[in-house]
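Colleague: Got a sequence here, can you model it:
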Amino acid sequence: MIKTTDLRQKLHELVSGSQSRLQQLAESLQEEEERAADLLYNHLLGRGSDQVYGFQRYMHYTTAFSGDLVLARYSPDGRLLIFHADASGHGLSATLTLMPAASAFREGVDAGMPLDQLVKSINQTLHQQLPANRFVAATLTEIHSAAKSLTVWNGAMPPVLLLGPTGECVRRFESGNMALGIMAQPEPQLQSCQLPATGRLLGFSDGLTDQRNAAGGVWGELRLLQVLQGDSGSGLLRRIIEDLQNFCGSSYFDDDVSLFVAEVGLVCSKTTRHHPAI
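Modeller: Numbers count the residues shown, from 1 in each chain. You can find the predicted model right below:
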């Protein structure tokens, strides 16, 4: 007759072995997810973006997959196009939503589309391919150094800020359009101004300003503007993120955060580096 103590021992060994195998499986799945995310984002960023002097981006993901993306690419005629996207949903489903948007952006820029046609092309692609409950909030920014013009299309994103030489906000490009993929044939509303000789262009997702600290306080746009005031040096992205981390008391955020800075003088001072054909 098997003793009760023996049964307990065998049960303990069985449970311990199952827990160990489950832990190994979880670690293996996590490693596979991280490899897949790295491959996917390197593909999107590598094929969708050029190396642009004077342009920086920051992207923080709360999980391996995210719906935030920042791409910068030169058109054949030398215009710099910046695509900042924040897809609906979370995790892998949000990342998959970005894939057709990134491809449409790359193809449209390479074809030399004007900004309004580029917006329509990306929107049409998403409207045809995405389910009705999926969309992509985004901004598309065109820096045209030859024409000395700056043009922004903003679809359901926080304002793109044009900053003066000392960090003051001199122009806000507010949202005046629906997010991409919702309407079948939208008429893009563009905002333009003369391209300044100096200053910076700042774009950010709502994950930045909506971050909360342990007490429930929101970081907010007002604090962002305070960080920007009086700033005329490099490292602006680093200072913004450091202030956000100090506010939250952690380097880990509860939502995805993405932002970009384009130094107008630097972006326009260099000869455009055209991307190779892919």
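
Colleague: quick one: buried residues of stretch 51-68?
Modeller: By 16 or more other C-beta atoms under 10 Å, the buried positions in stretch 51-68 come out as 52, 54-61, 64-68. Bear in mind the C-beta positions are built from the backbone N, C-alpha and C, glycine included.

Colleague: With stretch 235-245 instead?
Modeller: Buried, per 16+ other C-beta under 10 Å, within stretch 235-245: 236-237, 240-241, 244.

Colleague: Can you tell me the number of residues neighbouring Gln185?
Modeller: 8 (other C-beta atoms under 10 Å).

Colleague: do the same with Gln124
Modeller: 16.

Colleague: and which of the buried residues of stretch 235-245 is nearest to Val170?
Modeller: Within those, the smallest distance to Val170 is 15.4 Å, found for Leu236 (C-beta to C-beta).

Colleague: Please enumerate the strands of the stretch 51-200 of the chain.
Modeller: Ranges of strands within the stretch 51-200 of the chain are 55-60, 68-74, 80-87, 136-144, 149-155, 160-163, 169-173, 190-194, 200-204, based on DSSP state E, counting those that start in this stretch.

Colleague: Quick one: residues contacting the residue nearest to Gly176 when sequence neighbours are not counted.
Modeller: In space, and not counting its chain neighbours, Gly176 is closest to Gln189: 4.4 Å by C-beta to C-beta, 6 or more residues apart in numbering. Going by C-beta atoms under 8 Å, 6 or more residues apart in numbering, Gln189 touches 153, 176-177.

Colleague: just Ser258 next, same as before
Modeller: Taking C-beta under 8 Å, 6+ apart as the test, what Ser258 contacts is 57-60, 68-70, 84, 86, 204-205, 207-208.

Colleague: try 10 Å this time
Modeller: Applying C-beta atoms under 10 Å, 6 or more residues apart in numbering, we find Ser258 in contact with 57-61, 66-70, 84-86, 203-208.

Colleague: swap in Ser121?
Modeller: Here Ser121 is in contact with 104-105, 107-109, 111, 113 (C-beta under 10 Å, 6+ apart).

Colleague: Okay then, goodbye and thanks.
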